[in-house]
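Undergrad: the following block contains a protein sequence and its predicted model.
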Amino acid sequence: MKKIKAFLYSTAKQGIPLLAKLFGANLLGKQATLEKLKPYRIFSEKGEEVKIPPARIADGNQPEHFINSQTETTSFINVYQITGNKHRVKIYPYGGVKLNADVLDMDFGSSLFIKTLLKKDERPVIKCGDCIVLWSHYWGNGYYDYMYFIYAKLLRIKSVMNDDDFKQAKLAYPLVGTPFEKELMKYAGVNDEQLIDTRQHQIQADNYYLATNDNWYYHNKYDLQLLKNTLSAVIAADTGNERIYISRKGRRKLINEEEVIKLLKEFDFTIIDDVPRTVAEQIAIYRSAKVIIGPHGASYTNIINCEPGTVLIELFPNNYYPDYFRYLSTVFKLRYFALFADDIQESHYRNLDEDLYIDPERIKNTLDKILN
């Protein structure tokens, strides 16, 4: 059944560009988009090869690529400026961009364009001088996704703009509506009046600033440094908690958490409950920590706020173990450890909701080696 569904999805996906052409639009892929935008590029930073060392693992089963070092190439990033009075530019409700007849792939696909074809666009028009077109999807309200795909892109565009122009520019994308969105915008120097929800308004601008995302896991160090610089300026008091356990209550939770917490308290760990917190509060927790342990989850977005040498012990189920926090630990010079549930299987995003069980004795062995 899975193979049949995959075949049907692939077949339907291949037909999307043909359907777009019937409506006079060219649905571009990523490479075609990059070629199309070359004349408008005002900034670029090539990806670089980064050697990710083996994860430090105490015992138990482990995936092959965590045992060995691996070399990965980071994102190739760009910023573009397009003059509105020389080109026909349209920003769709999902934040996607159509340049003349070409629908661009600025992030991770542009198939949402199809959903706009049979709908009359009745959004009122807002006219402005400069418009930053930030994101082209309806998802992105996860903390990790917002920080490393949307917010990082904003800071990149800001870094190449004149300060006065940035303060006057409108930011257009499908607003995600989370408290951290508003807080992070404040740290970037953006006020509420600058934000335009593309689901509610059309935009006509004299100048459009665009940028690309092209890598799920291995973010360009230029973006990471901009994020770190911005967040390091946030005032956050020392919590005094040097050893912390990050609890998860939704998906991917530790099903034997009670016995693990009992063990961790013997090592003087503070339990960080899974409750809403401000960005500043999260920065304070991670900035103060020297040893962090817990199931893989979005909270580790905050390791960008850790001091070099901080220990991160990431706990994984047996069938979902993406390595982007291992990569970020390499860039930020953290000491990275990983422990996996038994019976290792192939990792796949379909399993991202899986809960996990880790033998407390294995955690104890790991902590004995690290802390003693």
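TA: Cool, the structure landed.
Undergrad: I'd like the next helix or strand past the lowest-mean-pLDDT helix or strand in the chain.
TA: Using mean pLDDT, DSSP states H and E, helix 2-22 stands out as the lowest-scoring helix or strand of the chain, at a mean of 50. Moving toward the C-terminus from helix 2-22, the next helix or strand (DSSP states H and E) is strand 26-27.
Undergrad: partners of that next one, with directions?
TA: Strand 26-27 sits in its sheet next to strand 102-103 (parallel), going by DSSP bridges.
Undergrad: what's the mean pLDDT across the strand it pairs with?
TA: Averaging pLDDT along strand 102-103 gives 96.
Undergrad: how many neighbours does the nearest residue in space to residue 360 that is not next to it in sequence have?
TA: Leaving out its chain neighbours, the residue that sits closest to residue 360 by C-beta to C-beta, 6 or more residues apart in numbering is residue 263, at 4.8 Å. Every residue, glycine included, has its C-beta placed from N, CA and C. By other C-beta atoms under 10 Å, 15 other residues sit near residue 263.
Undergrad: now do the contacts for residue 263.
TA: Going by C-beta atoms under 8 Å, 6 or more residues apart in numbering, residue 263 touches 360, 363-364.
Undergrad: shouldn't residue 294 be within a strand?
TA: Yes - assignment of residue 294 by DSSP: H, G, I helix; E, B strand; the rest coil places it within a strand.
Undergrad: PyMOL command for the buried members of the contacts of residue 263?
TA: For the buried members of the contacts of residue 263, the matching PyMOL selection, counting by 16 or more other C-beta atoms under 10 Å, is:
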select buried, resi 363+364
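Undergrad: which of the contacts of residue 263 sits closest to residue 79?
TA: residue 363 (44.2 Å; C-beta to C-beta).
Undergrad: so the closest one lies in a helix, does it not?
TA: Yes - assessed by three-state DSSP, residue 363 belongs to a helix.
Undergrad: helix, strand or coil: sort out the closest residue to residue 91 other than its chain neighbours for me.
TA: Counting by C-beta to C-beta, 6+ apart, residue 203 is the residue found nearest to residue 91 once chain neighbours are left out, at 5.1 Å. Three-state call for residue 203 (three-state DSSP): strand.
Undergrad: can you count the residues close to the closest residue to residue 123 other than its chain neighbours?
TA: Nearest non-adjacent residue to residue 123, counting by C-beta to C-beta, 6+ apart: residue 202, 4.6 Å away. If you count neighbours by other C-beta under 10 Å, residue 202 ends up with 18.
Undergrad: partners of residue 202 in the sheet?
TA: With DSSP bridges as the rule, residue 202 is bridged to residue 125.
Undergrad: same check, this time on residue 173
TA: Going by DSSP bridges, residue 173 forms beta bridges with residue 197.
Undergrad: OK, contacts around it?
TA: Counted by C-beta under 8 Å, 6+ apart, residue 173 has contacts 95, 133-136, 150, 197-198.
Undergrad: if we go to 10 Å?
TA: Residues in contact with residue 173, defined by C-beta atoms under 10 Å, 6 or more residues apart in numbering, are 91, 94-96, 132-137, 140, 150, 153-154, 195-199.
Undergrad: contacting residues around residue 206?
TA: 83-85, 127-131.
Undergrad: who wins for neighbours among those residues?
TA: residue 131 (26 neighbours).
Undergrad: picking up where we left off before, need the pLDDT of the residue nearest to residue 91.
TA: 97.
Undergrad: just residue 24 next, same as before
TA: pLDDT, read off for residue 24, is 61.
Undergrad: need phi/psi at the residue nearest to residue 238 when sequence neighbours are not counted.
TA: Once flanking residues are discounted, residue 238 sits nearest to residue 288: 5.0 Å by C-beta to C-beta, 6+ apart. Main-chain dihedrals, residue 288, degrees, to the nearest 10: phi -80, psi -20.
Undergrad: what does the helix or strand hosting residue 166 contact?
TA: Under the criterion of DSSP H and E, residue 166 resides in helix 163-168. Here helix 163-168 makes contact (C-beta under 10 Å, 6+ apart) with 128-130, 132, 154, 157-162, 188-191, 194, 207, 209.
Undergrad: what sits closest to residue 189 if chain neighbours are left out?
TA: residue 167 (6.8 Å).
Undergrad: check residue 290 too.
TA: residue 242 (4.4 Å).
Undergrad: can you check residue 171 too?
TA: residue 132 (4.8 Å).
Undergrad: dump the residue contacts of the one you found.
TA: 79, 153-154, 157-158, 161, 165-166, 169-173, 190, 194, 196, 205, 207-211.
Undergrad: how far away is it from residue 208?
TA: Separation of residue 132 from residue 208 (C-beta to C-beta, to the nearest Å): 8 Å.
Undergrad: between those two, what contacts are shared?
TA: By C-beta under 10 Å, 6+ apart, the residues touching both residue 132 and residue 208 are 169, 172.
Undergrad: gap between the residue nearest to residue 360 and residue 367?
TA: 8 Å.
Undergrad: got any residues that touch both of these two?
TA: residue 269.
Undergrad: grab the most central residue of this protein for me.
TA: Centroid-nearest residue in the chain, with C-alpha atoms, centre = their mean: residue 145, separated by 2.9 Å.
Undergrad: mind listing what that one touches?
TA: Taking C-beta under 10 Å, 6+ apart, we find residue 145 in contact with 135, 137, 139, 151, 176, 216, 298, 301.
Undergrad: and it, what element?
TA: Counting by DSSP H and E, residue 145 is found in helix 143-145.
Undergrad: since that was my last question, I'll sign off now.
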